[in-house]
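> What follows is a predicted protein model with its sequence.
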Amino acid sequence: MEKVLITGISGGQGRLLARRLMANFEVCGVDRVGWEGHPRGIRVHVVDVRKKKFEDVIRTEMPTTIVHMGFIRHFRADPKVRHDVNVRGTKQLLDHCVNNGVQNLVVVSSGYVYGAFPENPYFMDEDSPLSASRSYPEIRDLVEVDTLASAFLWRYPHIRTCVLRPVNVLGYFVHSMIGQYLRQPRVPTVMGFDPMMQFIHEDDLSEAIAKALEQSLQGVFNVTGSGEVPLHTAIAETGGTAWPIPELLLRPMFSRLFRMGLIPYPPGALDFLKFPITLSGDRFVEATSFRPMFGLRETLQSVRG
């Protein structure tokens, strides 16, 4: 069987993906923390992707394919550490792919890289500009990672590289910021705004990554779930109550609470509660025949376990 190495394997999405792949691939992975009780047959190396030991793992394991999802996506870490892990770690991983005969690479980016703006068209395709850092500087590192991977795709065409940009991921095991936001009993919203939003179930994202691997997909692809829904409807479906607050009050409140470590999202995230960011997943569907297994209601209700 072909061997797949997953970075970030000990995270919620990494564990789901590893279990999904182990029937058809030999699976190993690296993470900065261990995975206690991982399935037999999956090898987990506790390694920082920035360290030389990571390249030693690649040389020892000799994977055919790497799935890169070992990012710091939360904001609890020092911003310099987050940027270093995400950007420098990705740059070194790309160099290791070139130097160690990796044949396929999948980089799991995010739909957030497009940014949320009032002029956004509905159902943006993969050619839309990556503008998130204009209004959300805290995630400029994710934009840089996506840009690095997209440039790598064209620079090294013999390595089949696929960049996936999924919409908001929800589920029991994945601790996304949007999931934490929707789990609140009273969910603060920006008064006067109710943007359309898209969500994908954590298991559907694992299935999408698996399809990209199985078909050695090459290119940049948005990955979407089942339909879209206004934010207030999403809040109701997840069992919460919307709490509209004027932006004049909400933005400084977010800024203060974020600095105090009481909420996980910086004030730049507020624009995603104001303006629509809906993506077209047609290119990925045409390439893989991907169909979500979970409907929109099931996906939203999955945040409650």
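Yep, it's here.
> quick one: contacts for Thr241?
Pro185, Arg186, Val187, Ile235 (CB atoms under 8 Å, 6 or more residues apart in numbering). From N, CA and C alone the C-beta is placed, and that goes for glycine too.
> Buried among those? Need that as a selection in PyMOL.
Buried residues within those, by 16 or more other CB atoms under 10 Å, are selected in PyMOL with:
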select buried, resi 187+235
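> hmm, which two among the contacts of Thr241 are most spread apart?
Pro185 and Ile235 (10.5 Å; CB to CB).
> In a helix, Ser255, correct?
Yes. Checked against DSSP: H, G, I helix; E, B strand; the rest coil, Ser255 lies within a helix.
> Can you report how many residues neighbour it?
Using other CB atoms under 10 Å, Ser255 has 15 neighbouring residues.
> Next one: it from Leu273, what distance?
With distances taken as CB to CB, to the nearest Å, Ser255 is found 14 Å from Leu273.
> Now do the buried residues in the longest helix seen in the chain.
Taking DSSP state H as the criterion, the chain has its longest helix at helix 140-155. For helix 140-155, a neighbour-count test (16+ other CB under 10 Å) marks Arg140, Asp141, Leu142, Val143, Glu144, Val145, Asp146, Leu148, Ala149, Ser150, Phe152, Leu153 as buried.
> With stretch 233-248 instead?
Across stretch 233-248, burial judged by 16+ other CB under 10 Å covers Thr233, Ala234, Ile235, Glu237, Thr238, Gly240, Ala242.
> Now those in a markdown table, please, with extra columns for pLDDT, secondary structure and distance to Leu205.
Listed next are those as a markdown table, based on pLDDT from 0 to 100; DSSP: H, G, I helix; E, B strand; the rest coil; distance: CB to CB, whole Å:
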| residue | pLDDT | secondary structure | distance to Leu205 |
| --- | --- | --- | --- |
| Thr233 | 96 | helix | 22 |
| Ala234 | 96 | helix | 17 |
| Ile235 | 96 | helix | 22 |
| Glu237 | 94 | helix | 19 |
| Thr238 | 93 | coil | 18 |
| Gly240 | 94 | coil | 23 |
| Ala242 | 96 | strand | 26 |
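> And the residue nearest to Gly295 when sequence neighbours are not counted, what's its pLDDT?
Once flanking residues are discounted, Gly295 sits nearest to Ser226: 5.0 Å by CB to CB, 6 or more residues apart in numbering. We have a pLDDT of 93 for Ser226.
> dump the residue contacts of Arg304.
Arg183, Thr238, Gly239.
> With respect to Pro266, which of the contacts of Thr241 is nearest?
Of all those, Val187 has the smallest distance to Pro266: 17.3 Å, by CB to CB.
> Helix, strand, or coil at that closest one?
Quick answer, by three-state DSSP: Val187 is strand.
> Which positions are bridged to it in the beta structure?
Per DSSP bridges, the residues bridged to Val187 are Ala242.
> For it, list the residues it contacts.
Tyr181, Ile235, Gly240, Thr241, Ala242, Trp243.
> among those residues, which two are most distant?
Farthest apart among the contacts of Val187 by CB to CB are Tyr181 and Thr241. That separation is 13.2 Å.
> ok, the spatially most central residue of the chain to Gly34 distance?
Nearest to the centroid of the C-alpha atoms of the chain, with distances taken as CA atoms, centre = their mean, sits Ser110, at 4.5 Å. Going from Ser110 to Gly34 by CB to CB gives 25 Å.
> Which parts of the stretch 1-150 of the chain are helices?
12-21, 52-61, 79-83, 89-99, 140-155 (DSSP state H, counting those that start in this stretch).
> Pull out the buried positions in the third one.
Taking 16+ other CB under 10 Å as the basis for neighbour counts, the residues of helix 79-83 that come out buried are Arg82, His83.
> Show me what the mean pLDDT comes to for stretch 140-158.
96.
> Could you list the alpha-carbon positions for that stretch in PDB?
What follows is stretch 140-158, C-alpha atoms only, in PDB (Å, rounded to 0.1, in the frame of the first residue of the first chain):
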ATOM      1  CA  ARG A 140      -2.100  36.600   7.500                       C
ATOM      2  CA  ASP A 141       0.000  33.500   8.200                       C
ATOM      3  CA  LEU A 142      -2.700  31.200   6.700                       C
ATOM      4  CA  VAL A 143      -2.800  33.400   3.600                       C
ATOM      5  CA  GLU A 144       1.000  33.100   3.400                       C
ATOM      6  CA  VAL A 145       0.800  29.300   3.700                       C
ATOM      7  CA  ASP A 146      -1.800  29.100   1.000                       C
ATOM      8  CA  THR A 147       0.200  31.300  -1.300                       C
ATOM      9  CA  LEU A 148       3.400  29.200  -0.700                       C
ATOM     10  CA  ALA A 149       1.500  26.000  -1.500                       C
ATOM     11  CA  SER A 150      -0.100  27.500  -4.600                       C
ATOM     12  CA  ALA A 151       3.300  28.700  -5.900                       C
ATOM     13  CA  PHE A 152       4.800  25.300  -5.100                       C
ATOM     14  CA  LEU A 153       2.100  23.600  -7.200                       C
ATOM     15  CA  TRP A 154       3.300  25.500 -10.400                       C
ATOM     16  CA  ARG A 155       7.000  25.400  -9.500                       C
ATOM     17  CA  TYR A 156       7.200  21.700  -9.000                       C
ATOM     18  CA  PRO A 157       4.600  20.100 -11.300                       C
ATOM     19  CA  HIS A 158       6.100  16.600 -10.900                       C
END
